[in-house]
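>>> dropping the sequence and predicted coords here.
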Amino acid sequence: MAGNILIIGLIISEPQLHTPMYLFLGNLSCLDSFIVCTILPKMLACFLTGNGNIPLWGCIAQFYISASLATAQCYLLAIMSYDRYLAICKPLHYASIMNTKLCIRLAVGSWINGFIGMSVFVILISRLVFCGPQDIDDFFCEITQIVKLSCSETKTIELVLTIFASINTFLPFTLTVTSYIFIIQNIMRIPSTMGKKKAFSTCSSHLIVVSMFYGTLMLVYVVPKTETLRALNKIFAVFYTVLTPLLNPMIYSLRNREMKGALRKFLKKCV
């Protein structure tokens, strides 16, 4: 929370960071902060008190908010990769294409896509009947675990889940991979080694974040749902719900010259 709030504060306070890349980074930090607030407080309360009870409406609300934020993050990471593609492959047209109005529309669109898309599941889940057992084998209310508890017919919601997962995960992932294919091709055409390093440094932080987020997310939902691998699934879920929000600020601040410069200015003002 401290790292993400610091990044948001630096981006707002420093005029030199009022650029498209940092606008998207600020939105990513907001998403990470909200995901942490949605999942970790209840999880820590369960560990400390030993009471793992959560009402049905609370479970559905936790799923809706966390899933919406994760979906929005998929789209935002795709937008950030497109931003890096324009900066590296179309530098002369970058300012005219990635203007302030487009940046705001893309950022807002990623949030809207996440929350509107997941509202369909809330409607479907609210129609399910839960007659026991009532134990979720996870540290947060994950959709497949909620559906397992229902004694209603769940084929419809499982089909919708598959369709939405394909659209909201693989479409942004495909766009991200496509952008980086063009970026890498363009970097390889640069004759000087110094030029290649400079070009790659502008997108290396984002590439690390994308690899961590999508790698663990796909392992959770691609690994077969067997009892022996259930514990492994939960470990991978910790990565994209807990460790990714923790590591994102470190990756972007430690590998970014402008962010480190803004942080030094901020610390001097505080001193």
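Thanks, I have the structure now. Everything numeric in this text was worked out from a predicted model, so none of it was measured. Numbering: from 1, shown residues only.
>>> which stretch of helix or strand covers residue 82?
In this structure, residue 82 is located in helix 56-89 according to DSSP states H and E.
>>> how about that helix: buried residues?
Of all the residues in helix 56-89, those buried under the rule 16 or more other Cβ atoms under 10 Å are 59-60, 62-89. The way it works is simple: take the backbone N, C-alpha and C, and place the C-beta from them, glycine included.
>>> list the helices and strands it packs on?
The contact analysis (3 or more Cβ pairs under 8 Å, 6 or more residues apart in numbering; DSSP states H and E) places helix 56-89 against helix 20-49, helix 94-97, helix 100-126, helix 143-148, helix 171-188, helix 193-222.
>>> so which residue is smack in the middle of the protein?
Residue closest to the average C-alpha location in the chain (Cα atoms, centre = their mean): residue 73, at 3.3 Å.
>>> which residue packs closest to that residue, ignoring adjacent ones?
With Cβ to Cβ, 6 or more residues apart in numbering as the criterion, residue 73 has its nearest non-adjacent residue at 4.9 Å, and that residue is residue 31.
>>> so what's the backbone phi/psi at the residue lying closest to residue 234 once chain neighbours are set aside?
Leaving aside its sequence neighbours, residue 234 sits nearest to residue 138 (Cβ to Cβ, 6+ apart; 6.1 Å). Per-residue torsions, residue 138: phi -170, psi 170 (degrees, to the nearest 10).
>>> OK, contacts around residue 138?
By Cβ atoms under 8 Å, 6 or more residues apart in numbering, the residues touching residue 138 are 145, 234, 237.
>>> contacts only, for residue 36.
Taking Cβ under 8 Å, 6+ apart as the criterion, residue 36 is in contact with 1, 4, 242, 245.
>>> show me what contacts the residue nearest to residue 21 when sequence neighbours are not counted?
Leaving out its chain neighbours, the residue that sits closest to residue 21 by Cβ to Cβ, 6+ apart is residue 83, at 5.9 Å. When contacts are counted by Cβ under 8 Å, 6+ apart, residue 83 touches 20-21, 24, 98.
>>> ok, so of those, who is nearest residue 158?
Residue 158 lies nearest to residue 24 out of the contacts of residue 83, by Cβ to Cβ, at 33.3 Å.
>>> how far away is that closest one from residue 14?
Residue 24 sits 16 Å away from residue 14, taking Cβ to Cβ, to the nearest Å as the criterion.
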